[in-house]
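Undergrad: based on what follows, work out the 3D shape:
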Amino acid sequence: MPTILIIEDEAKMRRLLELNLGDDGFKTLSAGDAETGLKLLAAEPVHLVLTDLKLPGMSGLEFLQTAKQQNPALPIVVMTAFGSVETAVEAMKAGASDYVLKPFALAEMRMVVHKELDNSRLREENRSLREALGQKYSHPNIVAISPKMQEVLATVERVAPTNSTVLLGGESGVGKDLIARAIHEKSRRASGPFIKINSTAIPENLLESELFGYEKGAFTGATSSKPGKFELADKGTLFLDEIGDVPPAIQVKLLRVLQEREFERLGGTRTIKVDVRLIAATNRDLRAALEDGTFREDLYYRLNVVPIDIPPLREHKQDIAGLANLFLARFARDSGREEKISGISAAAMQLLSAHYWPGNVRELQNVIERACALASGSQLEAGDIQLDSPRNRSSSLAGASSDRFLPDGMTLDQWEDEMIREALKRAGGNKSQAARLLGLSRNALRYRLSKIGIDDNEGE
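TA: Residues are numbered from 1 along each chain as shown. Sure thing, here's the model as predicted:
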């Protein structure tokens, strides 16, 4: 509902405008002088102002100039006596949207108000559209020149201000932890804690106590009480990595926390309430885990409120140069070599851009760190870049020459097709198992199978 501020020193006229515009569904604020009007403008959002030009104290023209300095986009319609047309024109030059001559018909005033609000809405939509079309989203430590990564950051911008649970998907090493932190830092919880836990890095028998804490005597060695990660993340964000590997018993407790925002510590009876936003991440295809019965369907739908899939590095190679230079600057600075190593040669960059990057951004980071440590020149050369060759599919692929990444006469696409067929062979035709062997999501494998003409329904 648009809010209209009426500034008019004649009480009857002010009341008449309030009633008439109120009948049209507008919310109205009113003031008898410009000073009070400026205070109301500062106190709450206003969509349009109606002001008389002849006011006690500060004039309507002075009010107009001050209000426009504070909010240039605010539409202001001025009201003036018939004999003061010159003043109305002066007001238009100062930024007034329109003027109405007194005495006026209420129908005329309503028409002007609707027209100016419609124009204001259109101007705002056009401005937003122009910004959206030309916007480049950015975040510290995240390189996102490519359209795919820009799409990821655009989703981060939209979801961050909400409290929605986010499920990050993508291969190992794509930077899911950086995206999770970006969501936290752009959210209203940014001043609260950001707690990270990797479920695969903690033994299964300790994961429950790490997440939910424990009371003294809950198990052998529990000599005192300890809060869990959920308590530590209260009023903040908990990033739970590798959610697909959480055991079924703990999945039940996670579901309860997401639904009711409460839990009990291990060995305790006191119910603890928390205000935590959960961001989960996985490099597994959770839909395949649902089919296997290793992941709860109700928990999946609680987690999958806002899914964000982070593409592998080979699918946004436009970002490789930016990432490589970012890592180079960081490692050169940390090792005290920033004055000795100034950049990356064109040949070295071409080598980086041509690589398949099965380990994604993490692999690129390791390659640059190693090159920075061993480089002897003023920039990284092709000889400083040591890349891991793709693992050979079989003894026939092992015959590739040592100075090539691929067997003679084989393209990258052909090598990938062979790897997929080999994974299917080793998995006995089970597509979900083959996807795990390849480090792909089930959907990613489904796409590749369609490219090489293998029916996705065969063998399952």
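Undergrad: could you pull out the strands for this protein?
TA: Assignment of strands within the chain using DSSP state E yields the ranges 3-7, 27-31, 48-52, 76-81, 98-102, 166-169, 194-198, 237-241, 262-264, 271-273, 277-282, 306-309, 343-344, 379-380.
Undergrad: for the most centrally placed residue in the chain, what are its contacts?
TA: The structure's the chain has its C-alpha centroid closest to Val156; by Cα atoms, centre = their mean the separation is 0.8 Å. Residues touching Val156, when contacts are defined by Cβ atoms under 8 Å, 6 or more residues apart in numbering, comprise Tyr137, His139, Ile179, Ala182, Ile183, Lys186, Ile308. Yep, even glycine has a C-beta here, placed from its N, CA and C like the rest.
Undergrad: 7 Å instead, please
TA: Contacts were defined as Cβ atoms under 7 Å, 6 or more residues apart in numbering; by that measure Val156 touches Ile179, Ala182, Ile183, Lys186.
Undergrad: swap in Gly322?
TA: If you count contacts by Cβ under 7 Å, 6+ apart, Gly322 has them with Val143, Ile145.
Undergrad: then Gly60?
TA: Taking Cβ under 7 Å, 6+ apart, one finds Ala34, Thr51, Asp52, Leu53, Lys54, Val78 in contact with Gly60.
Undergrad: and what of Leu328?
TA: If you count contacts by Cβ under 7 Å, 6+ apart, Leu328 has them with Ile341, Ile344, Ile368, Cys372, Leu380.
Undergrad: and Gly32, by the same measure?
TA: The neighbours of Gly32, taking Cβ under 7 Å, 6+ apart as the test, are Asp9.
Undergrad: and the gap between it and Val113?
TA: Gly32 sits 20 Å away from Val113 when distances are taken as Cβ to Cβ, to the nearest Å.
Undergrad: can you get me a residue count around Lys68?
TA: For Lys68, the neighbour count with other Cβ atoms under 10 Å is 15.
Undergrad: for the nearest residue to it once chain neighbours are set aside, grab phi and psi.
TA: For Lys68, ignoring the flanking residues on the chain, the nearest one in space by Cβ to Cβ, 6 or more residues apart in numbering is Gly95 at 4.2 Å. The phi and psi values for Gly95, taken as degrees, to the nearest 10, are phi 120, psi 0.
Undergrad: you'd agree Gly95 is up against Ala67?
TA: No: if you go by Cβ atoms under 7 Å, Gly95 and Ala67 don't touch, sitting 8.5 Å apart.
Undergrad: quickly list what's touching both of these two.
TA: Overlap between the contact sets of Gly95 and Ala67, as judged by Cβ under 7 Å, 6+ apart, is given by Ile76.
Undergrad: more neighbours, the two?
TA: When neighbours are counted by other Cβ under 10 Å, Ala67 comes out ahead of the other of Gly95 and Ala67, with 22 against 15.
Undergrad: check contacts around that one.
TA: Ala67 makes contact with Leu38, Leu41, Val49, Leu74, Ile76, according to Cβ under 7 Å, 6+ apart.
Undergrad: kindly recompute the last result at 8 Å.
TA: Gly37, Leu38, Leu41, Val49, Leu74, Ile76.
Undergrad: by neighbour count, which of those residues wins?
TA: Using other Cβ under 10 Å as the neighbour test, these are led by Val49, with 28 neighbours.
Undergrad: against Lys340, how distant is it?
TA: 62 Å.
Undergrad: again with Ile420
TA: The value you get for Ile420 to Lys340, if Cβ to Cβ is used, is 44 Å.
Undergrad: who has more neighbours, the two?
TA: With other Cβ under 10 Å as the criterion, Ile420 and Lys340 differ in neighbour count, and Ile420 comes out ahead with 22 against 14.
Undergrad: done for today, thanks.
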